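Undergrad: quick one, fold the following:
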Amino acid sequence: MADLSINFAGIEAPNPFWLASAPPTNTGAQIMRAYDHGWGGAVWKTLGTPIRNVTARFAANDYGGQRMMGLNNIELITDRPLDVNYEEIREVTRKYPDRATVISLMFETEDEWKENIERSIENGAKGLELNFGCPHGMCERGMGSAVGQEPLVLERITTWVMRYATVPVIVKLTPNITDIVQPGLAAQRGGADAVSLINTIKSLMAVDLDTMIPVPNVGGASTNGGYCGPAVKPIALNMVGQLARHREFDLPISGIGGISTWKDAAEFIALGATSVQVCTAVMHHGYRIVEDMIDGLSRWMDSKGYRSLADFSGLASQRLRNWEDLDMNFKVVAAIDPATCIGCQLCYIACKDGSHHCIYLPGDGSGKAPDTGFDRVPFVAHDECTGCNLCSLVCPVPNCISMVEVDRGLAPVSWRQFQSGEAKLPAYTYKH
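TA: Residues are numbered from 1 along each chain as shown. Below is the predicted model:
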């Protein structure tokens, strides 16, 4: 049986599944209910000078029949008195001493940081997370992503925190920046024990074309918010991978962004994360999803022979390269299985109109498609195929179109090697 327990920068938890700082961690009652379902940790909804929220606060992007493929929110940090929050923190940490109860903080002055760091620790916090990522409302007040976008400011505030913190400190990074490595390194220079990423992406969800009011509608107007959910997962994976593989970065990572299943979590861990944080999926389906996450990850690890998360953590980041370091001589072509093809010809349309037109149809006048007895089955001209794999992506039949490696007897050569003169590439044949 796989061991899912973790030690994240000194914070121990029975499993890597934590709730992200968000509405699902707004109260102690919510977090205790989540722990009863099996969550290994929770990051408390950000504490700061309590604010006033507006309504409505959420808007969603549905796609392909899936509700809340992406979620936009304009909700801010806690709107409850700090004294009430600290009382509940004390109750949660007393009743669930084995869980990773981390307190998210966002303040302006060093004195405010000092006071609330001390109060958090006095009430049992296992760790602190510094919210340098919120892209709306708080950044206009000089906090949130306004800090995360300025590495020098991030480093200075992190240094403040480290003067007073006696528990591990996690810096939460904003994705609303050109290069995620720079704030990551700033957090490291400031003395942080770990980072978490990504926070939400600055976004405007949609426009109601009947009223011409962007959504969510707040009294006839709207504003930008933070985008999260399954749609942001590729962006989050990329940023986690960028940090994990950077030669100068050496802090534990808590991965956040579109995690809905055990498989999503495994991908973040494979790229170098130690823990993962979940928000939108819980808002959509409830706390019980963690039961499937724990079971699924454990079963998958058993099937692969992984005894602990450390056995596969970071393995995928070792396979990440800059584009110029990829093998230019690697070649794949598309192969269509006529026995499973349903003749929808989506691959033909996609290749002809959206790619390189190397797929042909029987009787289309090109003379390229041989007579196979399958009248509607497209044919791939392998000598023209660029190996883009668009056809396999649009095909509705699993495994009907596969990408097959072609052995051309050529040694691997990267663009960097070619440009430097270390190696040559074969002449490129243009299709007219």
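
Undergrad: neighbours of D295, how many?
TA: 12 (other CB atoms under 10 Å). No exception for glycine: its C-beta is placed from N, CA and C like everyone else's.

Undergrad: any idea how far H285 is from it?
TA: 15 Å (CB to CB, to the nearest Å).

Undergrad: and what of V240?
TA: According to CB to CB, V240 and H285 sit 23 Å apart.

Undergrad: more neighbours, those two?
TA: V240 (30 against 12).

Undergrad: list the contacts of the more buried one.
TA: Remark: with contacts taken as CB atoms under 8 Å, 6 or more residues apart in numbering, V240 is in contact with 197-198, 253, 255, 268, 271-273.

Undergrad: same check on G191?
TA: So G191 contacts 158-159, 162, 169 (CB under 8 Å, 6+ apart).

Undergrad: among these, which pair sits farthest apart?
TA: Greatest spacing in these, by CB to CB: T159 and V169 (10.6 Å).

Undergrad: who's more crowded, those two?
TA: Legend: neighbour count by other CB under 10 Å for T159 and V169, higher for V169 (25 against 14).

Undergrad: could I get the full set of helices for this structure?
TA: 28-37, 82-95, 110-122, 145-148, 151-164, 181-189, 233-245, 262-270, 280-285, 289-304, 346-354, 390-394, 415-420 (DSSP state H).

Undergrad: which of the contacts of V240 sits closest to G314?
TA: Minimum distance to G314 across the contacts of V240 is 4.4 Å, recorded for G272 (CB to CB).

Undergrad: let's see the pLDDT reported for the residue lying closest to that closest one once chain neighbours are set aside.
TA: Spatial nearest neighbour of G272, chain neighbours left out: A244 (2.8 Å); criterion: CB to CB, 6 or more residues apart in numbering. pLDDT for A244: 97.

Undergrad: give me the number of residues near A244?
TA: By the criterion of other CB under 10 Å, A244 has 24 neighbours.

Undergrad: that one and G314 touch, don't they?
TA: Yes - counting by CB atoms under 8 Å, A244 does reach G314; the two are 6.2 Å apart.

Undergrad: excluding chain neighbours, what is closest to G38?
TA: Closest to G38 by CB to CB, 6+ apart is V290, at 4.9 Å.

Undergrad: so where's this protein uncertain?
TA: Residue ranges of the chain with pLDDT under 70: 136-146, 372-374, 429-432.

Undergrad: again, only using 50
TA: 432 (pLDDT under 50).

Undergrad: domain ranges for it?
TA: Domain assignment for the chain by automatic domain parsing gives 6-319, 324-420.

Undergrad: deepest of those domains, which one?
TA: Of these, the one with the most neighbours on average (mean count of other CB atoms under 10 Å) is domain 6-319, at a mean of 20.

Undergrad: do a quick rundown of the strands in the stretch 1-150 of the chain.
TA: Secondary structure of the stretch 1-150 of the chain (DSSP state E, counting those that start in this stretch): strands located at 6-8, 11-13, 17-19, 41-47, 58-63, 66-73, 100-105, 127-131.

Undergrad: can I get those strands in TSV including distance to T174?
TA: Below are those laid out as TSV (distance: least, CB to CB, whole Å):
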stretch	distance to T174
strand 6-8	21
strand 11-13	22
strand 17-19	19
strand 41-47	13
strand 58-63	20
strand 66-73	15
strand 100-105	14
strand 127-131	9
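
Undergrad: how about the contacts made by M283?
TA: Going by CB under 8 Å, 6+ apart, M283 touches 22-24, 68, 71.

Undergrad: and G40, by the same measure?
TA: Residues near G40 by CB under 8 Å, 6+ apart: 4, 6, 13-18, 99-100, 275.

Undergrad: hmm, back to that, got CSV for the domains of the chain, with distance to A427 too?
TA: Shown next, in CSV, are the domains of the chain (distance: least, CB to CB, whole Å):
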stretch, distance to A427
domain 6-319, 29
domain 324-420, 12
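
Undergrad: hmm, Y35 and Y96 touching each other?
TA: Yes - using CB under 8 Å, Y96 is in contact with Y35, at 4.9 Å.

Undergrad: what touches both of these two?
TA: By CB under 8 Å, 6+ apart, Y96 and Y35 have no common neighbours.

Undergrad: quick revisit: format the helices of the chain as JSON lines; extra columns: distance to E324.
TA: JSON lines is the format used below for the helices of the chain (distance: least, CB to CB, whole Å):
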{"stretch": "helix 28-37", "distance to E324": "45"}
{"stretch": "helix 82-95", "distance to E324": "49"}
{"stretch": "helix 110-122", "distance to E324": "43"}
{"stretch": "helix 145-148", "distance to E324": "29"}
{"stretch": "helix 151-164", "distance to E324": "26"}
{"stretch": "helix 181-189", "distance to E324": "18"}
{"stretch": "helix 233-245", "distance to E324": "15"}
{"stretch": "helix 262-270", "distance to E324": "24"}
{"stretch": "helix 280-285", "distance to E324": "35"}
{"stretch": "helix 289-304", "distance to E324": "32"}
{"stretch": "helix 346-354", "distance to E324": "26"}
{"stretch": "helix 390-394", "distance to E324": "23"}
{"stretch": "helix 415-420", "distance to E324": "4"}
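
Undergrad: identify whichever of these lies nearest to N61.
TA: So among these, helix 280-285 is nearest, using CB to CB, at 11.2 Å.

Undergrad: gap between R319 and T178?
TA: 24 Å.
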